[in-house]
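Asker: next come a sequence and a model predicted from it.
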Amino acid sequence: MSDLDQQIEQLRRCEPISEQQVKDLCLKAREILIEEGNVQYVDSPVTICGDIHGQFFDLLELFKVGGDCPETNYLFMGDFVDRGFYSVETFLLLLLYKVRYPDRITLIRGNHESRQITQVYGFYDECQRKYGSVNVWRYCCDVFDYLSLGAVVDGRVFCVHGGLSPALGTLDQIRIIDRKIEVPHEGAMCDLLWSDPDDIEGWGVSPRGAGYLFGADVVKAFNHANDIELIARAHQLVLEGYKLMFDRKIVTVWSAPNYCYRCGNVASILELDENLRQEYKVFENAPHDVKGIPAKRPLPEYCRSRHTSILYISPLTQKPQSDQSFDTWKSGGFRFAFDFLFNNYASTCQGVTLCCGVCSGLVEAVFCDSDVYPNWLT
């Protein structure tokens with residue numbers, strides 16, 4: 001058994017590989033990814049997957065439904081990390097498959113494959129907690145910069161994490177973007193990772209604070225100009241696992257069941273056969289007895305009396321005003337009063353995740369299903 005095969009088996013048991021092994025893996029992955037285009041060509045048959053978001057045991061469930069790599073040819077449309085408890089294991093397992101079977105798995109970039117976003121939504125903190133430093137986070141972020149921005153299956157199905165851009169009318173325009181950078185907070189590259197389809201005409205302002213909303217007329221024009229039959233994208237929670245829009249010209253595929261371990265949604269994958277016939281396979285989250293969700297720690301007496309005023313919030317649209325330094329605030333939790341939270345964020349989020357800023361014990365889980373661009377990072 002090769003070293004890569006051993007590491008794959010180790011990670012499939014949810015056992016971390018060493019920091020040095022992560023470094024070596026990321027270097028090998030970059031050597032492979034740099035040879036791939038901004039719009040990577042993929043042959044059918046292929047199985048297309050949406051957001052995973054660190055839900056490692058649900059990723060294993062996905063492989064049970066769709067088949068293991070390399071027997072199944074996979075295309076993952078980004079957002080491998082953040083929110084879930086096992087972003088490290090999730091991304092590294094997919095990266096190991098990419099290095100071991102480079103022609104049998106395609107990974108494209110999502111809006112969470114970003115240094116800025118992962119510092120807000122969990123991956124940064126997870127790397128620091130599991131490895132005792134941020135080195136693994138840095139290695140992975142360097143790989144993010146090399147991921148393709150999209151893929152096209154048999155020249156007919158365009159796959160992208162988010163959506164379209166008013167600055168991009170053709171695939172050739174995407175091909176000339178310099179992708180090996182941190183995701184900008186505006187512009188064509190940002191739009192591909194952040195935009196969403198909506199029941200509007202033309203283009204609209206996105207409530208996320210990045211990217212655009214785009215309508216059926218935009219999709220029709222893009223597909224016609226590029227001889228595309230279908231746009232497959234991810235980026236938005238769909239309770240039914242997938243959602244076809246605009247006369248079946250665009251589909252959202254969501255692959256994280258019971259999102260954030262509380263949403264109750266099912267997930268799906270899209271199988272395209274040799275003739276590009278579509279089959280959507282819907283699946284539920286992994287059984288609770290194998291999920292390994294970290295147990296909630298009981299709140300100390302001190303926290304039970306204080307946790308309504310000392311909170312951790314994710315996501316944020318702006319940096320809260322406080323007397324703490326930025327570094328302390330970022331590493332120790334975003335601590336401010338619930339009244340401030342409610343008054344400032346109720347209009348931009350459907351909910352938030354609240355944790356005690358002192359002990360990190362769960363106080364309340366009111367889930368926000370939409371990413372909001374943290375504009376204070378720009």
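Answerer: Good, I have the coordinates.
Asker: hey, where'd the helices end up in this structure?
Answerer: 3-12, 19-33, 56-66, 87-100, 115-121, 123-131, 135-144, 171-175, 188-194, 216-226, 288-291, 301-306, 326-332, 338-345 (DSSP state H).
Asker: need those in TSV (columns: mean pLDDT and mean neighbour count).
Answerer: Quick note: C-beta positions are derived from backbone N, CA and C, even for glycine. Output for the helices of the chain, formatted as TSV (pLDDT from 0 to 100; neighbours: other C-beta atoms under 10 Å):
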stretch	mean pLDDT	mean neighbour count
helix 3-12	97	16
helix 19-33	99	17
helix 56-66	98	20
helix 87-100	99	24
helix 115-121	96	21
helix 123-131	97	20
helix 135-144	98	21
helix 171-175	98	17
helix 188-194	98	24
helix 216-226	98	17
helix 288-291	65	11
helix 301-306	33	13
helix 326-332	38	12
helix 338-345	36	14
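Asker: nearest to residue 278, of those helices?
Answerer: helix 56-66 (14.0 Å; C-beta to C-beta).
Asker: make a markdown table out of the helices of the chain and add distance to residue 271.
Answerer: Output for those, formatted as a markdown table (distance: least, C-beta to C-beta, whole Å):
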| stretch | distance to residue 271 |
| --- | --- |
| helix 3-12 | 22 |
| helix 19-33 | 25 |
| helix 56-66 | 7 |
| helix 87-100 | 18 |
| helix 115-121 | 29 |
| helix 123-131 | 29 |
| helix 135-144 | 27 |
| helix 171-175 | 23 |
| helix 188-194 | 24 |
| helix 216-226 | 21 |
| helix 288-291 | 24 |
| helix 301-306 | 47 |
| helix 326-332 | 41 |
| helix 338-345 | 39 |
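Asker: for residue 206, which of those helices is the nearest?
Answerer: Among those, if distance is taken as C-beta to C-beta, the winner is helix 188-194, at 6.8 Å.
Asker: and the closest one, what does it pack against?
Answerer: Helices and strands touching helix 188-194, by 3 or more C-beta pairs under 8 Å, 6 or more residues apart in numbering; DSSP states H and E, are helix 171-175.
Asker: and the helix it packs on, what does it pack against?
Answerer: Checked by 3+ C-beta pairs under 8 Å, 6+ apart, helix 171-175 has strand 39-42, strand 150-153, helix 188-194 packed alongside it.
Asker: partner strands of the second one, with direction?
Answerer: When pairing is defined by DSSP bridges, strand 150-153 lines up against strand 39-42 (parallel), strand 157-159 (antiparallel).
Asker: now these as CSV including mean neighbour count, distance to residue 243 and mean pLDDT?
Answerer: Listed next are those as CSV, based on neighbours: other C-beta atoms under 10 Å; distance: least, C-beta to C-beta, whole Å; pLDDT from 0 to 100:
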stretch, mean neighbour count, distance to residue 243, mean pLDDT
strand 39-42, 20, 22, 99
strand 157-159, 25, 16, 99
